[in-house]
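Enquirer: fold the stuff below for me.
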Amino acid sequence: MSDRRCEQCGAGLSLARAGARFCTTACRVYWHRAQKRVGLPLEMTTRDRWMRWVLVNRGKKPTKRPVTCAGRSASSTNPATWTSYGEALASPVGLGLGFALGEGIGCIDLDGCIRPDGSLEAWAEPVVAAAAGTFMEVSQSGTGIHIFGLLEEAPGRNLRSVGTTVEVYSAGRYIAVTGKRFRGAPARLADISGVVASLT
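Expert: Residues are numbered from 1 along each chain as shown. You can find the predicted model right below:
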């Protein structure tokens, strides 16, 4: 017996065709319209790479730990702990949504680049300008930017210098997603490999 559920209303999909995500056309249409309102790229919301996150105290500052919709530990490298966007969004567990990078989706994480007045630090301006065609959001802290885009899987990069922190990941990591678009960024993913290559 199938335990699949409609991503919109939660109804069982035991009689639906294999691969079906919705119980009716109405649920499918409503779900897709809701995605446009939320403003997250369909390239992300249509993939079952979602989880929730909680804060845990480790060392000097709390860290975001991924968890399943049931509250168990999740992993950015274990697809069995991921779920659909709809299920993750509806879950009351934890403090927010997380997305497991991979399958051609990566992220450039710019920490501490938004000043209190909303302007960008000078080092971040060219990176953001180069990524203007892809989805960008303000991070949980309100001072960083996540630049999501299409990127081949590769080892992560951590570029730190005085006053700057830039991290690039395309596999084996998850990002705590806010959905708070930065400066009207488009709700689509574009190729960011050129932007990544330009980072030194």
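
Enquirer: what's the following helix or strand after the lowest-mean-pLDDT helix or strand in the chain?
Expert: For the chain, scoring each helix and strand by mean pLDDT, DSSP states H and E identifies helix 25-38 as the least confident one, at a mean of 65. The first helix or strand that comes after helix 25-38 along the chain, using DSSP states H and E, is helix 42-45.

Enquirer: give the buried residues for that next one.
Expert: Of the residues in helix 42-45, 43-45 count as buried by neighbour count, 16 or more other CB atoms under 10 Å. C-beta: built from backbone N, CA, C; applies to glycine.

Enquirer: would you mind measuring from the spatially closest residue to residue 10 that is not a sequence neighbour to residue 146?
Expert: In space, and not counting its chain neighbours, residue 10 is closest to residue 90: 7.4 Å by CB to CB, 6 or more residues apart in numbering. Distance check for residue 90 against residue 146: by CB to CB, to the nearest Å, it reads 22 Å.

Enquirer: of these two, who's got more company?
Expert: The residue with more neighbours, out of residue 90 and residue 146 and counting by other CB atoms under 10 Å, is residue 146; that gives 21 against 15.

Enquirer: mean confidence score for whatever helix or strand that one lives in?
Expert: Assigned by DSSP H and E, residue 146 belongs to strand 145-150. Along strand 145-150, the predicted confidence averages to a pLDDT of 98.

Enquirer: mind giving me the packing neighbours of that strand?
Expert: strand 105-111, helix 125-130, strand 136-138, strand 174-177, helix 193-198 (3 or more CB pairs under 8 Å, 6 or more residues apart in numbering; DSSP states H and E).

Enquirer: which of these sits closest to residue 52?
Expert: Nearest of the helices and strands packed on strand 145-150 to residue 52, taken as CB to CB: strand 174-177 at 9.5 Å.

Enquirer: and the contacts of the closest one?
Expert: Strand 174-177 is contacted from outside by 40, 44, 51, 53, 64, 66, 74, 76, 96-101, 107, 109, 137, 139-140, 146, 148, 169, using CB atoms under 8 Å, 6 or more residues apart in numbering.

Enquirer: go through that strand and flag the buried ones.
Expert: Buried residues in strand 174-177, counting neighbours by 16+ other CB under 10 Å, are found at 174-177.

Enquirer: go on, stretch 13-29?
Expert: Along stretch 13-29, the positions that meet the burial threshold by neighbour count (16+ other CB under 10 Å) are 13, 16, 21-23, 27-28.

Enquirer: then the longest strand seen in the chain to PDB, C-alphas only?
Expert: Counting by DSSP state E, the longest strand found in the chain is strand 50-58. Taking only C-alpha atoms (Å, rounded to 0.1, in the frame of the first residue of the first chain), the coordinates of strand 50-58 have been written out as PDB:
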ATOM      1  CA  TRP A  50      13.700  19.500   1.200                       C
ATOM      2  CA  MET A  51      14.000  19.200   4.900                       C
ATOM      3  CA  ARG A  52      13.500  21.400   8.000                       C
ATOM      4  CA  TRP A  53      16.200  22.800  10.400                       C
ATOM      5  CA  VAL A  54      16.600  23.500  14.100                       C
ATOM      6  CA  LEU A  55      19.100  25.400  16.200                       C
ATOM      7  CA  VAL A  56      21.500  23.500  18.400                       C
ATOM      8  CA  ASN A  57      24.100  25.000  20.700                       C
ATOM      9  CA  ARG A  58      27.600  23.900  19.700                       C
END
